[in-house]
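Novice: Generate coordinates for the sequence data below:
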Amino acid sequence: MDFELISTATLFRQRLRHTFNPQSLTGLSLKDQHAFEVFGQGQLVPLPFENIQYAFRAYVQKSPETLAALSNSETDAGQVISYGDLDAQSDALALYLLNQGVRSGDRVGLFLQRSIDMLVGIMAIMKAGAAYVPQDARIMPVTQLRHISDACKMKVILTQKQFADDLAQLSKPDLKVIAIERNKLRCPSLKQKQLLAECSARASGDDVCFVLFTSGTTGQPNGVQVTHKNLCNILLTQPGDLGMRPGKRVSQILNISFDMAAWEILGALSHGSTLVIRGKEIAKTVRAVDIVIATPSILSAIDAKSCQNVQMVAVAGEPCPRPLADEWAQFATFYNCCGPTEVTIVNTMQLHNLDAKSLPIGGPTPNNTVYILDESLKPCAIGEIGEMWAGGSCVSRGYLNNPSLTEERYKPDPFLGGDHKMFRTRDLGRWTAKGELEHFGRTDDQVKIRGFRVELDSVSSALESAPGCLQSVTLKLDSQNLVAFVRPSSVDIRLAQEQVSKALPYYCSPSFIITMDEFPKTSRGKIDKRALTILAVRALEATK
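Specialist: Predicted structure coming up:
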């Protein structure tokens, strides 16, 4: 293993880092101990703010006339709002929430659709000292909304007029459903402003900023509690700030209940940028902005040639196909990122280089750590595949009202020690000799076919090297068969199979490949593997 190849960025991280507990590294060679410690730590940097509303107010004070947002949403298409007006309207709504009994530590529902109302609601809830719980009221069933409101013990749900009647069935003596009416919000008096100032003075970085519920595909969704400090750590440091500055336009294209939507919304508003809220046409919004945050599936549906104005792109949420990264990196700075909701949006970021031989997910972001551990939570040697655990400032507070699951996934950090926690991501990865973090999919994506272990993402990567293949997904159909999906439909299946045969053992070859022009997507903009599995079963039955 040649550690002379350590990158400049890694060496810089080495100069500003924690010292790991030496007992936690026993079992590794001296070289691997050093590399495990250096590779696994992001740069230590101070935060300008530890509560996101303070970052927003800094730009209100600097330039209240600056455009905070413009909307293309069906709800308020063509409307705009300045930083000063957003501040004033959210002040008024925050006071209303306080009058309704909302207090610090409470959780307030934000059940609506993307709009300027949404921004006013977010800022108002935070100013009241509470955490916002976002859900898209157009697509989330009322039964799920009831589960979420009950789990959060909500006193208030904020919504919009068009959803008020449907959500009224959630109302009860201790829960009010209130439609935001911005035209009726009035500038608070000096006495009322003093009340808000007192509330703001009590705000802490350890306060929960929002609660995001998982998709619930395997049961009832779980609420992840993300603190203001968690959020500030990714939004207010490089490269997580994505170059957001006054004068830059940032797209808001993602589902508001998705953690990456907070990257768009609060990233823009904490840097004096202008948020452009999309309508039905995602591409129209992307063509009008400088900075785009998306899942690979959403980005792949947009014609990059028509978006040459975009300067910065970050993707996360699912594996990124190399052809997609190459296409956008030709004219924009492109980051490939990774991290579940529990470690605050993303905790690794990699600046993509067109000349790079691979597409890694990058090292840990500032003040964060990444460990590659075996099943007994012991460090893996450099080059060995293990499970990724995330530590540092990214680690969220845990699951709401679910101490057993929190205890299972959040463990004491033996490397940093003290009160530090680390989180089990269930992602597989390994460090290269250069300190690059390679991603090998989820632990549940490592399957057995005919008795052999197969990494599904490795098969997909091989397929994506076929001529004209833009994206691939590989699924386990049963103990004997893999099925792969490739797009577009013009991909030559024979050539795609040949690429797998060249790169991987014979047992990794899919039993059949299905070509498609577009993959089905979930409401959060990820590939809908459940829908693809149904298609695969039908295709297999058709061959019998």
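
Novice: just checking, what packs against the longest helix along the chain?
Specialist: Across the chain, the longest stretch assigned as helix under DSSP state H is helix 83-99. With contacts taken as 3 or more CB pairs under 8 Å, 6 or more residues apart in numbering; DSSP states H and E, helix 83-99 sits against helix 52-62, strand 67-71, helix 116-127, helix 190-201. Every residue, glycine included, has its C-beta placed from N, CA and C.

Novice: ok, and for the next helix or strand along the chain from the third one, which residues are buried?
Specialist: Along the chain past helix 116-127, the next helix or strand (assigned with DSSP states H and E) turns out to be strand 131-136. Buried residues in strand 131-136, counting neighbours by 16 or more other CB atoms under 10 Å, are found at 131-136.

Novice: got a list of contacts for whichever helix or strand comes after strand 131-136?
Specialist: Following strand 131-136 in sequence order, the next helix or strand is helix 142-152 (DSSP H and E). Residues outside helix 142-152 that contact it (CB atoms under 8 Å, 6 or more residues apart in numbering): 107, 109, 111, 133, 135, 137, 157, 166-167, 169-170, 175, 211, 213, 216, 220-221, 223, 400-401.

Novice: From the residues you listed, which land in helices?
Specialist: Mapping the contacts of helix 142-152 onto helices (DSSP H) picks out 166-167.

Novice: tell me which residues of the helix or strand where Phe423 lies are tucked away?
Specialist: Per DSSP H and E: Phe423 is located in strand 421-431. For strand 421-431, a neighbour-count test (16+ other CB under 10 Å) marks 421-425, 427-431 as buried.

Novice: what's in contact with the longest helix of the chain?
Specialist: Contacts to helix 83-99, defined as CB under 8 Å, 6+ apart, come from residues 56-57, 59-60, 63-69, 81, 108, 119-125, 127-128, 130, 156, 158, 178, 180, 182, 185-188, 192-193, 195-196, 199, 269, 272.

Novice: how big is the angle separating that helix from helix 116-127?
Specialist: Here the directions of helix 83-99 and helix 116-127 differ by 60 degrees (axes from the mean of the first three to the mean of the last three CA atoms, to 10 degrees).

Novice: buried stuff in helix 83-99?
Specialist: Of the residues in helix 83-99, 83, 85-98 count as buried by neighbour count, 16+ other CB under 10 Å.

Novice: out of these, who's nearest Thr237?
Specialist: Using CB to CB, Tyr83 is the member of those that lies nearest Thr237, at 22.0 Å.

Novice: how would you label Leu28: helix, strand or coil?
Specialist: The three-state assignment at Leu28 reads coil, by DSSP: H, G, I helix; E, B strand; the rest coil.

Novice: circling back to that earlier point, could you find which two of the buried residues of helix 83-99 are furthest from each other?
Specialist: The distance between the two most remote of the buried residues of helix 83-99 (CB to CB) is 22.3 Å, for Tyr83 and Leu98.

Novice: For Asp528, give me phi and psi.
Specialist: For Asp528, the backbone dihedrals (degrees, to the nearest 10) come out as phi -90, psi 90.

Novice: Grab the nearest non-local neighbour of it.
Specialist: Of all residues not flanking Asp528 in the chain, Pro520 sits nearest, at 4.2 Å (CB to CB, 6 or more residues apart in numbering).

Novice: Quick check: mean pLDDT of the strand holding Phe423?
Specialist: Strand 421-431 shows a mean pLDDT of 93.

Novice: relative to strand 421-431, how tilted is the helix or strand that that strand is followed by?
Specialist: Following strand 421-431 in sequence order, the next helix or strand is strand 437-442 (DSSP H and E). The directions of strand 437-442 and strand 421-431 differ by 110 degrees, with the same axes, to 10 degrees as the criterion.
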